[in-house]
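Chemist: with the input below, show me the fold.
(one chain, ligands or ions: 2)
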Amino acid sequence: MVQFDSQARSPWTPLAGVERLRLTPSQKRINATLEVPGSKSATNRALLLAAVASGTSTLRNALKSDDTYWCIEALKKTGVEIAVDGSNVTVYGRGGVFHSGSLYIGSAGTAGRFLPGMLAAATGNWHVEASHSMNKRPIAPLVKTLQALGANIQYGSRRGHYPLSISGEGLNGGKVNMSGQLSSQFISGCLLAAPLAKNPVSITVKDGIVQQAYVRITIDLMAAFGVEVKAAPDWSLLEVNPSPYVANDIAIEADASTACYFLALAAITAGKIRIRHFSTKTSQPDILFVSILKRMGCNFEIGPSFVEGEGPTRLRGGFTVNMNELSDQALTLAAISPFADGPIAIEGVGHIRHHECDRIRAICTELSRLGIRVEERHDGLTVYPGQPKPTVVNTYDDHRMAMALALIGAKVDGIELDDPGCVAKTCPSYFSMLAQTGIGVKAVSP
Ligand SMILES: O=C(O)C1=C[C@@H](OP(=O)(O)O)[C@@H](O)[C@H](O)C1
Ligand SMILES: C=C(OP(=O)(O)O)C(=O)O
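Modeler: Ligands and ions are numbered 1, 2, ... in the order given. From the prediction side, this is the model:
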């Protein structure tokens with residue numbers, strides 16, 4: 001079993017101590033209605049914005065997962081009072097005042113890339129630690145930009161990586177250049193801190209932004225908390241004036257990334273799955289996965305507050321797709337591609353080598369282990385049709401590896417997943433939801 005970082009698992013996981021799960025396809029045709037938890041991206045942004053706002057904010061339908069747990073815990077350690085009641089979260093904002101202290105953000109890229117700027121804009125001293133996987137992910141482009149805006153941020157043992165020491169004396173503001181090619185989160189992290197600076201901040205992004213829709217989500221949520229971002233039509237210039245964040249009552253949308261696994265499940269099993277309280281009218285980029293599934297032969301019924309997908313008897317392949325805009329779903333598509341009638345080539349996702357693991361290498365390794373032919377490229381992969389063979393697959397302490405590979409187990413008998421608990425990063429209830437559709441889910445000993 002691959003070692004995982006147990007410290008990064010929150011008390012919100014129901015899978016503590018479960019080392020391996022065996023999955024079994026449903027005995028009957030899948031026909032299920034499900035609800036998926038709230039969006040990770042919206043929950044962590046709203047938590048941080050509510051913390052720096054003046055006044056009390058309420059988040060309804062907030063996600064309870066490892067990523068949001070560590071974001072809440074880190075904020076609490078800075079003196080922000082937060083009350084969690086089911087999926088309702090009340091945040092008593094302190095207007096950007098934070099106590100000094102030692103914080104831990106687990107594996108949450110959102111907390112890891114959004115908190116430093118907010119702390120640097122305040123007054124105090126913080127040491128911020130992260131999980132093993134977050135320690136390996138890049139942070140230098142954000143740190144460099146924040147330093148150019150006047151932040152005092154030092155690296156710990158490894159330059160360019162977590163842990164970080166931040167001595168907040170406030171951000172001056174100014175003009176900075178950033179690249180958008182490694183992670184959209186660097187741009188979001190800079191934007192979220194920008195109105196807390198003493199002077200206007202202007203960010204020039206010359207090379208385009210991967211998964212740009214996440215920056216849109218940042219700008220929309222900043223607006224919900226009372227701050228306007230002026231964006232050039234091609235997003236090459238983003239400008240923010242000093243302005244206070246104001247508390248708000250926010251309804252968090254269902255997580256589109258999580259919904260996609262269940263739509264993909266319907267696709268490969270010729271089943272039907274309806275996701276309630278979910279709409280295609282979302283700015284979450286993973287909703288674009290619906291059009292990829294349509295191209296593969298799935299039918300969709302789209303209602304005002306549901307999306308229902310139905311799989312064909314045989315999925316269509318034989319195409320190339322650029323998933324730069326929705327790269328969290330690259331693993332999902334790769335995992336269902338063996339069941340298509342032709343090869344599927346995924347392009348434009350080189351940046352996912354810097355997510356929770358090197359996702360291109362990891363999915364190629366696991367699909368090969370399953371006996372599937374794959375070709376790995378620097379910015380993507382091609383998956384050929386094939387029949388996966390029963391085996392134990394590794395999940396790399398990566399929730400999306402686990403959720404995607406579980407789909408193969410939902411179609412082919414005899415697949416076992418090592419360390420299934422990593423799904424708690426964004427969807428602790430993933431396996432109980434799979435079980436609701438009729439998939440057998442059983443803990444087994446390694
Ligand atoms: O800002 C966000 O909420 C996210 C941005 C994306 O990251 P990158 O832009 O680093 O690829 C995405 O993969 C992640 O799941 C969530
Ligand atoms: C890349 C991801 O997460 P993070 O928010 O940690 O970047 C993800 O959820 O696929």
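
Chemist: hey, let's count contacts and neighbours off CA atoms from now on
Modeler: Noted.

Chemist: quick one, strands of the stretch 1-150 of the chain?
Modeler: Ranges of strands within the stretch 1-150 of the chain are 20-24, 31-35, 54-60, 81-85, 88-94, 101-104, 123-129, based on DSSP state E, counting those that start in this stretch.

Chemist: for Arg359, find the nearest of those strands.
Modeler: Evaluated with C-alpha to C-alpha, the strands of the stretch 1-150 of the chain place strand 20-24 nearest to Arg359, the distance being 20.5 Å.

Chemist: ligand 2 contacts on this protein?
Modeler: By the rule C-alpha under 6 Å from any ligand atom, the part of the chain lying against ligand 2 is 107-110, 328, 355.

Chemist: restricted to helices, list the residues you listed.
Modeler: Those of the residues of the chain next to ligand 2 mapping onto helices are 109-110, per DSSP state H.

Chemist: and the two most separated of the residues of the chain next to ligand 2?
Modeler: Farthest-apart pair in the residues of the chain next to ligand 2 is Ser107 and Asp328; separation 15.4 Å (C-alpha to C-alpha).

Chemist: please enumerate the helices of the stretch 101-250 of the chain.
Modeler: Along the stretch 101-250 of the chain, counting by DSSP state H, counting those that start in this stretch, helices occupy 109-120, 132-136, 140-148, 184-193, 213-224.

Chemist: got these as a markdown table, with mean neighbour count columns?
Modeler: Compiled in a markdown table, the helices of the stretch 101-250 of the chain are given as follows (neighbours: other C-alpha atoms under 10 Å):
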| stretch | mean neighbour count |
| --- | --- |
| helix 109-120 | 26 |
| helix 132-136 | 20 |
| helix 140-148 | 20 |
| helix 184-193 | 25 |
| helix 213-224 | 19 |
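
Chemist: make JSON lines out of these and add mean pLDDT.
Modeler: Below are the helices of the stretch 101-250 of the chain laid out as JSON lines (pLDDT from 0 to 100):
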{"stretch": "helix 109-120", "mean pLDDT": "98"}
{"stretch": "helix 132-136", "mean pLDDT": "97"}
{"stretch": "helix 140-148", "mean pLDDT": "98"}
{"stretch": "helix 184-193", "mean pLDDT": "98"}
{"stretch": "helix 213-224", "mean pLDDT": "98"}
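
Chemist: can you report how many residues neighbour Ile408?
Modeler: Neighbour count of Ile408, defined by other C-alpha atoms under 10 Å: 30.

Chemist: give me the element it is part of.
Modeler: Ile408 is part of helix 399-409, with elements assigned from DSSP states H and E.

Chemist: what angle separates that helix from strand 20-24?
Modeler: Angle, helix 399-409 to strand 20-24, by axes from the mean of the first three to the mean of the last three C-alpha atoms, to 10 degrees: 40 degrees.

Chemist: residues in contact with helix 399-409?
Modeler: Residues outside helix 399-409 that contact it (C-alpha atoms under 8 Å, 6 or more residues apart in numbering): 22-25, 261, 264-265, 328, 331-332, 335-336, 359, 362-363, 388, 393-395, 415-417, 420, 422-426, 430.

Chemist: which one's more surrounded, Ser107 and Asp328?
Modeler: Neighbour count, other C-alpha under 10 Å: between Ser107 and Asp328, Ser107 has more, with 28 against 22.

Chemist: who touches that one in this structure?
Modeler: Counting by C-alpha under 8 Å, 6+ apart, Ser107 touches 8, 67, 130-134, 356, 425.

Chemist: returning to what we had before: distance to Leu47 added to the helices of the stretch 101-250 of the chain, as a markdown table?
Modeler: A markdown table is the format used below for the helices of the stretch 101-250 of the chain (distance: least, C-alpha to C-alpha, whole Å):
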| stretch | distance to Leu47 |
| --- | --- |
| helix 109-120 | 10 |
| helix 132-136 | 20 |
| helix 140-148 | 20 |
| helix 184-193 | 12 |
| helix 213-224 | 11 |
